[in-house]
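Enquirer: Based on what follows, work out the 3D shape:
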Amino acid sequence: ARRRPKATGGPSGRRGEPVMGEKKQGKKGLQISAKTFVITLAVLLFIVVLAGVLTLVLPQGSFEYALVDGRETVVPGTYHLVEAARLPVWHWLTAPVEVLFSDEGVTAAMIIVFLLLIGGTFQVLDESRVLNYIITAVIHKFGHKKYRLMLLMVFLCMLVGSTIGMFEETVTLVPITVALALSLGWDSLVGLGMSILSVGFGFASATFNPFTVGITQKLAGLPAFSGLALRAAVFALVYAMLSAFLLRYAKRVEKDPRSSLVWEHDLSIRDKYLSSVDEGILAEREIRRAALVFGCGFGVVLAYILAGFFVEGLSDYSLPVMAVCFTVGGLAAGRIAGLKKGLAKNFFSGMGSIAPSVLLILLALSAKFILTEGGIMDTILNAAYGMISGTSPYLAVLLLLAFVLLLQFFIGSATAKAFLIMPLVLPLVDLVGLTRQTAVQAFLFGDGFTNMIFPTNAVLLISIGLVGVSYGKWFKWTWKLQLGTLLLSVAVLMGCVALGYGPF
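Expert: Below you'll find the predicted structure:
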């Protein structure tokens, strides 16, 4: 007999009871709601227009660049004004298409394909009830100690971001953790907090992250992964802050479901996930075998990503490898679970449901493209360079943090920012009396936390879009947490300056 476990909380606040007016179970798989799409589209269009206006009012200029480890790096002191035609306004409209043929084109294409494959695969997993099995199995094991489960998931997600630099790849966890959060009596925001928010904060509080710590320390001439003690302490502080934030909010929602910022939104999907908790499914051998096959595919991906930490070059292909393994594992699981005739139909239906997000991704990448094509990206770099020179160490580190935060709004890639910023500021850092290790820490803080609030970050837009949470709701939920991390960053950097955090 099928039944809901008693540990499940409903929106009424009384366990297992439905709410009057609650919507019926919606479509399976992943969909982006029209409201979420329109709001996010409006925000991104504003940013694209703002970038375009900047190309009309700021002077055009350029640095000279040199190749370092196969990447273009700024040569300090070579900035010069350039007399060139301004970027035509019509390019603002064509930027989402042009970006596909720019230096960002390969990255954009990989993210788009990855997203479409996720949409198709989750539709198959949902329709074949493999997703139901996974959710039910987790709740069956951890339903009576769910806060312990939350703290463990936050720690593990932060750990993979902090050590091996996983970020885009963890988008696949979002629908599962949201389904789990709803089934445990919380809301969609808690599910996002246990997955992508935790990974993003782990990425910011990096310990061994090769894409941030590894590259910036190499550019700064520092010993590989030196200064670990401070970064480990930062990781612990951020974990404590994020855990306290999620626990407080989750307990409030559990006590009063209507206090959730996404209560109305969750009504349309909560019943779907509550009805998916079915302990009878745990006895179905085909579904269990299918879930095991899908888990093996996920295990292969994890092994590959871990290997990339030790084998140079492997990490460059982690996104396509994950897309292939995830899709193959999902399709194989669907077939084993009995979804044979409708396998292809459900897969392509899932891809179609998530397709509107492609435009959002292209718009998120367009702002940087417009600034670069408009010839003002180096002008912005040079202005920041001039502000930092000749200041005190305490002011210099704050300006450096602000500089990275500004570029972070337009350039999401940590590696790209490192090769732009570090060669430019390192000579200044030495002159104003900052240690290079402190400069690296300022870069880590500026690059990481705002990944989870800036609307130009494609991974954030994908993650909240997968579960239909609007950017406005996300901003309202996280801005105080972001303010807390900013204050923590400033306090740590002030301490680094005072203590002469080294080496050199």
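Enquirer: any idea of the mean pLDDT in stretch 130-148?
Expert: When pLDDT is averaged over stretch 130-148, the result is 84.
Enquirer: Only alpha carbons, please: show it as CSV.
Expert: Once non-C-alpha atoms are left out, stretch 130-148 reads as follows in CSV (Å, rounded to 0.1, in the frame of the first residue of the first chain):
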residue,chain,number,x,y,z
VAL,A,130,13.3,7.0,-10.5
LEU,A,131,13.3,10.5,-9.0
ASN,A,132,10.4,9.4,-6.7
TYR,A,133,12.6,6.4,-5.6
ILE,A,134,15.6,8.6,-4.8
ILE,A,135,13.5,11.1,-2.8
THR,A,136,11.6,8.4,-0.9
ALA,A,137,14.8,6.5,-0.1
VAL,A,138,16.5,9.6,1.3
ILE,A,139,13.4,10.6,3.4
HIS,A,140,13.1,7.0,4.6
LYS,A,141,16.6,7.1,5.9
PHE,A,142,16.9,10.7,7.2
GLY,A,143,13.3,11.9,7.7
HIS,A,144,13.6,11.7,11.5
LYS,A,145,16.9,13.6,11.5
LYS,A,146,16.4,16.1,8.7
TYR,A,147,18.3,18.9,10.2
ARG,A,148,21.3,16.7,10.5
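Enquirer: which residue sits closest to Glu127, ignoring its sequence neighbours?
Expert: With C-beta to C-beta, 6 or more residues apart in numbering as the measure, Asn346 is the residue that lies nearest to Glu127, at 4.8 Å, once sequence neighbours are left out. To be clear about C-beta, it is placed using only N, CA and C from the backbone, and glycine gets the same treatment.
Enquirer: The one you found sits in which helix or strand?
Expert: Under DSSP states H and E, the secondary-structure element containing Asn346 is helix 343-354.
Enquirer: just how off-centre is stretch 475-490 within its chain?
Expert: Distance of stretch 475-490 from its chain centroid, counting by C-alpha atoms, centre = their mean, to the nearest Å, is 16 Å.
Enquirer: Mind listing what's buried along it?
Expert: Neighbour counts over stretch 475-490 (16 or more other C-beta atoms under 10 Å) mark Trp477, Thr478, Leu481, Gly484, Thr485, Leu486, Leu488, Ser489 as buried.
Enquirer: what about Tyr79, which SS state?
Expert: For Tyr79, the reduced secondary structure class is strand; criterion used: DSSP: H, G, I helix; E, B strand; the rest coil.
Enquirer: On the pLDDT front, check it for me.
Expert: Among the per-residue scores, Tyr79 shows a pLDDT of 90.
Enquirer: So what's the residue count around it?
Expert: Tyr79 has 20 neighbouring residues, counting by other C-beta atoms under 10 Å.
Enquirer: OK, contacts around it?
Expert: Remark: with contacts taken as C-beta atoms under 8 Å, 6 or more residues apart in numbering, Tyr79 is in contact with Gly61, Ser62, Phe63, Asp378, Leu381, Asn382, Tyr385.
Enquirer: export these to JSON lines and tack on distance to Leu499, neighbour count and secondary structure?
Expert: Output for the contacts of Tyr79, formatted as JSON lines (distance: C-beta to C-beta, whole Å; neighbours: other C-beta atoms under 10 Å; DSSP: H, G, I helix; E, B strand; the rest coil):
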{"residue": "Gly61", "distance to Leu499": "37", "neighbour count": "19", "secondary structure": "strand"}
{"residue": "Ser62", "distance to Leu499": "38", "neighbour count": "18", "secondary structure": "strand"}
{"residue": "Phe63", "distance to Leu499": "33", "neighbour count": "23", "secondary structure": "strand"}
{"residue": "Asp378", "distance to Leu499": "34", "neighbour count": "24", "secondary structure": "helix"}
{"residue": "Leu381", "distance to Leu499": "29", "neighbour count": "22", "secondary structure": "helix"}
{"residue": "Asn382", "distance to Leu499": "31", "neighbour count": "21", "secondary structure": "helix"}
{"residue": "Tyr385", "distance to Leu499": "26", "neighbour count": "21", "secondary structure": "helix"}
